[in-house]
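Novice: Got a sequence here, can you model it:
(chains A and B)
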Amino acid sequence: MKKGDITFSVIGLGLSLWLILESQKFDYASKFGIGPGFFPFWLGIILAAFSLFRFIISLKQKYDAEDLKPRLPGWGSLGRIGLIMLIMAGFALVMNGLGFILTVFLFVSIILFILEGDSILKSIFYGVMFSAAVFLVFRYWLEVDLPRGLLGI
Amino acid sequence: MDIFNSLMQGFATVLTPFNIWMAVIGCFFGTIVGILPGLGPSATIAMLIPLTFGMNATPAMIMMCAIYYGAMYGGSTTSILLNVPGESASVATTIDGYQMARQGRGGAALGISAIGSFVAGILGTIGLMLICVPLAKFALKFGPAEFFSLIVMGLLTIVYVGGKSISKSLMSGVIGMALGTIGIDVIQGAPRFVYDLPELMDGVSFITVVMGIFGIGEVLVSAEERMKITPIHVKFKDLWPTVAEVWQSKWAILRGTAIGFFMGALPGAGATISSFVAYAVEKGVAKNPERFGKGAIEGVAAPESANNACTSGAMVHLLALGIPGSGATAVMLGALMLYGLKPGPMMFHTNPDFVWALIASMFVGNVILIVMNLPMIPFFAMGLRIPYRYLYPGILLICMIGAYSLSSSIYDVWVMLVFGVIGYFMKKFDVPGAPMVIALILGPMLEYNLYRALALSRGDLTVFFTRPISATLLAIAAIMTILFSSKTIRVKRKMLEEVEE
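Specialist: The predicted model follows:
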């Protein structure tokens, strides 16, 4: 885990630096004691200390079996994750316009058709089933306020 | 007598058809979602919060508690049948549970797990009831300095046991606290780290972070490779452990319950450590310790009882002190706040009906769980046969609905997606998410109490060491720091690491 720990400690150091710098925009002390900048500043210092400690420990560590394996998956798997996130981002973008139920149908059908390689008919079938389930449970039974969009449902 | 009367009053509130129905639904959905591989109780509760929208606080929290119990039980099902623990607290169960399942005794393992969880749940709730009231009374003496020290103690201990690496847990905790500083600051009421985004004025919603890290993040890890899971088949007729097996497990269940409850009542000691300690104790006292690791039923009974009793222990400081003792109770705290309730010692005075109804519902929830789950285990287990490609779009949808319905805004959905990606990388780099989540909720409380304590003492920092209760709490934190860094814990951590591998 040496490589992973080094990466994380560097990220931690970056974050701590950002916290310390940003905290300077706020008062360190107030009339009655601490100011709004006090807490973020010290959090930055503490994070820097822990990150530095982790960094030094990681440098001293020997490479283990996990370091030989790539920490991140291959391009194929990363592509799958990227696509899932992209489809979810698309979901968030269109759900107000199209309405939640219709978006659920598209979301499920697209995931099953593009990512899972199901046939178009099967993907549409599951899309309809998921939409119906969401409609019945969340809209009809629990009366959750979800965007109605084009179809008004 | 007071406690008894209050409890009876609680039962009178709970035992209405609607509240019982809420408990049944909570147990059912908690078990169903808890069974999904990779989703632990924290994610399950966070994802199912929308189910309670539109309800009053009492039925909503009755349902939440039932979801919690259901999720704990659902988690053990995947540990036993798939060798995939829903969260670290179930890891100890996999050691012997999965071996039992491989030997065709999966049903018996699930059965003893249900029985152990039931006994632990009932005894744990009795313990909770007896400790909560005096603790809440005592906590009324707490001022800002005491609360500050209490939160420090809780944070430190939670962070120490959060994962395999203490330093990474600490870093995760500090990042969580930093996230908690976003929004209107508690001191001058000025916006902090909002960068002209009005949505950030209210801070980062804790529920969206939980759903992102534990829900979306987990799904991304599982979906990375086309997950193929083949659960071990459970037959209805093999479901029940034999009378001899239950008898053989009685001490394991009782010891596990005692260990779980007391470790749960310590902030941060948590279900993971307690389940491992219970397992180690059973192995230590066994006449034939070599059976452990090869399918010993006590090896399932003890950790399962311990992690369920720990649930009640963790509720002690949530209800009496307002401090969450685990990731799941942190989510419950967030849910209570959504309903405008402020857990802590004052809640016993301001909302006694609610508190006692909640405690009574824990008894009811445990009964419902065993009555419903024992006969339904094979059906729940059948759910595991549904291909993962049909499950994960459902999990993602529930998260989307959950995030959107928090404030009927797309903004929360975006926040959740961002934390989903962060959660994925945290998982990849072995950074525990629980300390971040708990610190996110405790961080603002810590800052507020620090500010108040220093304002009252005119900036005198010694106030934390000169006030007896505060000094005692800090001393306990220091002792726990030493204990948690000790060899025993390092050995446990190593054990956890080996089992997870």
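
Novice: Can you classify the residue positioned nearest the centre of chain A by secondary structure?
Specialist: Chain A has residue A:85 as the residue nearest its centroid, 8.7 Å off, counting by C-alpha atoms, centre = their mean. State at residue A:85, reduced to three classes by DSSP: H, G, I helix; E, B strand; the rest coil: helix.

Novice: do the same with residue A:144
Specialist: Secondary structure state of residue A:144, per three-state DSSP, is coil.

Novice: And for the one 3 residues further on?
Specialist: Using three-state DSSP, the structure places residue A:147 in coil.

Novice: Look up phi and psi at it.
Specialist: phi -60, psi 140 (degrees, to the nearest 10).

Novice: Please, where are all the strands along chain A?
Specialist: Applying DSSP state E to chain A gives strands spanning A:29-30, A:33-34.

Novice: winner for burial among those?
Specialist: strand A:33-34 (a mean of 20; mean count of other C-beta atoms under 10 Å in any protein chain shown). All C-beta spots, glycine's among them, are computed from the backbone N, C-alpha and C.

Novice: Helix or strand with the lowest mean pLDDT in chain B?
Specialist: helix B:487-500 (a mean of 56; mean pLDDT, DSSP states H and E).

Novice: again with chain A
Specialist: Among the helical and strand segments of chain A, the one scoring lowest on mean pLDDT, DSSP H and E is helix A:65-68, with a mean of 65.

Novice: And chain A, what are its domain boundaries?
Specialist: Segmentation of chain A into domains, based on automatic domain parsing, reads A:2-68, A:75-141.

Novice: Check the offset of the last one from the chain's centre.
Specialist: Using C-alpha atoms, centre = their mean, to the nearest Å, we find the averaged C-alpha position of domain A:75-141 to lie 18 Å away from the chain's own average C-alpha position.

Novice: again with the first one
Specialist: Distance, stretch centre to chain centre, for domain A:2-68: 21 Å (C-alpha atoms, centre = their mean).

Novice: check whether it contacts chain B.
Specialist: Yes: residues of domain A:2-68 contacting chain B under C-beta under 8 Å from any C-beta of the partner chain: A:4-5, A:7-9, A:12, A:15, A:19, A:22, A:26-27, A:30, A:32-36, A:39-40, A:43-44, A:46-47, A:50-51, A:53-54, A:57.

Novice: still on that earlier bit, so the residue nearest to the centre of chain A makes contact with residue B:422?
Specialist: No: using C-beta atoms under 8 Å, residue A:85 is not in contact with residue B:422, being 11.9 Å away.

Novice: and residue 40, what does it touch?
Specialist: Went with chain A since none was named. A:19, A:22, A:23, A:26, B:178, B:181, B:192, B:193 (C-beta atoms under 8 Å, 6 or more residues apart in numbering or on different chains).

Novice: hm, I was asking about chain B
Specialist: Counting by C-beta under 8 Å, 6+ apart, residue B:40 touches B:34, B:71, B:75, B:86, B:87, B:89, B:90, B:214, B:327, B:328.

Novice: Of the residues of domain A:2-68 next to chain B, grab the buried ones for PyMOL.
Specialist: Applying 16 or more other C-beta atoms under 10 Å in any protein chain shown to the residues of domain A:2-68 next to chain B, the buried members can be selected in PyMOL as follows:
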select buried, chain A and resi 4+5+8+9+12+15+19+22+26+27+30+33+34+35+36+39+40+43+44+46+47+50+51+53+54
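
Novice: would TSV of the strands of chain A with mean pLDDT and distance to residue B:333 be doable?
Specialist: Formatted as TSV, those follow (pLDDT from 0 to 100; distance: least, C-beta to C-beta, whole Å):
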stretch	mean pLDDT	distance to residue B:333
strand A:29-30	82	28
strand A:33-34	82	24
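
Novice: export those strands to JSON lines and tack on distance to residue B:220?
Specialist: Listed next are these as JSON lines, based on distance: least, C-beta to C-beta, whole Å:
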{"stretch": "strand A:29-30", "distance to residue B:220": "42"}
{"stretch": "strand A:33-34", "distance to residue B:220": "39"}
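
Novice: Tell me which of the ones you listed lies nearest to residue B:396.
Specialist: strand A:33-34 (41.6 Å; C-beta to C-beta).

Novice: quick one: contacts of that closest one?
Specialist: A:28, B:187, B:450, B:451, B:454, B:455, B:458, B:459.

Novice: again with stretch A:108-120
Specialist: A:80, A:83-84, A:87, A:122-124, A:126-127, A:130-131, B:226, B:389-390, B:393, B:397.

Novice: So what's the model's average confidence on stretch B:41-48?
Specialist: The pLDDT scores in stretch B:41-48 average 80.

Novice: Buried residues, it. List them.
Specialist: So, applying 16+ other C-beta under 10 Å, buried residues of stretch B:41-48: B:41, B:42, B:43, B:44, B:45, B:46, B:47, B:48.

Novice: of these, closest to residue B:156?
Specialist: Residue B:156 lies nearest to residue B:42 out of the buried residues of stretch B:41-48, by C-beta to C-beta, at 19.8 Å.

Novice: same for the helix or strand that contains the closest one, what does it pack against?
Specialist: Using DSSP states H and E, residue B:42 sits in helix B:41-48. Judged by 3 or more C-beta pairs under 8 Å, 6 or more residues apart in numbering or on different chains; DSSP states H and E, helix B:41-48 is in contact with helix B:17-35, helix B:57-82, helix B:206-210, helix B:327-338, helix B:388-407.

Novice: To residue A:142, which of the ones you listed lies closest?
Specialist: helix B:388-407 (9.1 Å).

Novice: Near the residue lying closest to residue B:406 once chain neighbours are set aside, how many other residues are there?
Specialist: Of all residues not flanking residue B:406 in the chain, residue B:412 sits nearest, at 5.0 Å (C-beta to C-beta, 6 or more residues apart in numbering or on different chains). For residue B:412, the count of nearby residues is 24 (other C-beta atoms under 10 Å in any protein chain shown).

Novice: Angles on the backbone of the residue lying farthest from the centre of chain A, please.
Specialist: Distance from the C-alpha centroid of chain A peaks at residue A:31, with 39.4 Å (C-alpha atoms, centre = their mean). Note on residue A:31: its backbone torsions stand at phi -60, psi -40 [degrees, to the nearest 10].

Novice: Any buried residues in the longest helix seen in chain B, and which?
Specialist: In chain B, assigned by DSSP state H, the helix with the most residues is helix B:106-139. Buried residues in helix B:106-139, counted by 16+ other C-beta under 10 Å: B:106-129, B:131-133, B:135-136, B:139.

Novice: how long is stretch B:456-466 end to end?
Specialist: The first residue of stretch B:456-466 is 14 Å away from its last residue (C-alpha to C-alpha, to the nearest Å).
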